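Novice: just coords:
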């Protein structure tokens, strides 16, 4: 009877000790998470990445606390560690694409090739970035379609960020007929861009003859504008050139084909 009481007392203390380890450990995990949260809030680390790292850290610490509590009961935790390892391997193989997206998401958030609000081209799609999460990136196309792209598809290809710089160059090619006044056409193009307040003076606009084509003399026109004015300058300049050329009787030839018939 005394032996039974000794075992009951011994295991009662072990159970109480394990419960104490669990609850105190859980409390310490909460304290550590709060400290890490405060440290991350003071750093420049992205909020999405911070939340993900906090969840991972919290999960790992809780697993350690549970193993410590089980070990105090005299349970061999080596088998549990092996089981967790095997389960982790199985989960990793089953969800390799998901983990690939997570890894890519961490890289996107850490290196920041673009941010929310930027207009980008990635994974064969173009649009404004609506959201960057740990699994995917959401784009809003100019015609108001939402596209969800897995992060691994973005990080594995070229990324073009049209909003990364404050200014962009707008390129045009305009053709005139061979019989038209070359100098008049050039000065007309120069006047059109110089009168547009959205066109930047530095770098200065460029106008030059770039090609003597089959049916036209082609001018290359290059101007710089603020990124937000890019498309407005693009469309307005094309319209203005056509109207002004018509006023000054400068022709814009269309492709011609000569057909010879053998008799």
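Specialist: Cool, got the structure. Every value quoted in this text rests on a predicted model; they were computed, and no experiment measured them.
Novice: what's the neighbour count on residue 138?
Specialist: Using other C-beta atoms under 10 Å, residue 138 is surrounded by 16 other residues. All C-beta atoms are positioned from the backbone trio N, CA, C, and that covers glycine.
Novice: in which helix or strand would I find residue 154?
Specialist: helix 151-155 (DSSP states H and E).
Novice: tell me what the helix or strand just after that helix is packed against?
Specialist: Under the assignment DSSP H and E, the closest C-terminal helix or strand after helix 151-155 is strand 159-161. Applying 3 or more C-beta pairs under 8 Å, 6 or more residues apart in numbering; DSSP states H and E, one finds that strand 159-161 contacts strand 119-122.
Novice: counting by contacts, list what the strand it packs on packs against.
Specialist: strand 125-132, strand 136-140, strand 159-161.
Novice: how far does the longest one sit from the chain's center?
Specialist: Shown here is strand 125-132, whose average C-alpha point lies 7 Å from the average C-alpha point of the whole chain (C-alpha atoms, centre = their mean, to the nearest Å).
Novice: and if you look at the second one?
Specialist: Averaged C-alpha coordinates place strand 136-140 at 8 Å from its chain's average position (C-alpha atoms, centre = their mean).
Novice: and the residue lying closest to residue 236 once chain neighbours are set aside, its phi and psi?
Specialist: Take residue 236 and drop its neighbours on the chain: the residue closest to it by C-beta to C-beta, 6 or more residues apart in numbering is residue 196, 7.3 Å away. As for residue 196, its main-chain torsions (degrees, to the nearest 10) stand at phi -90, psi 110.
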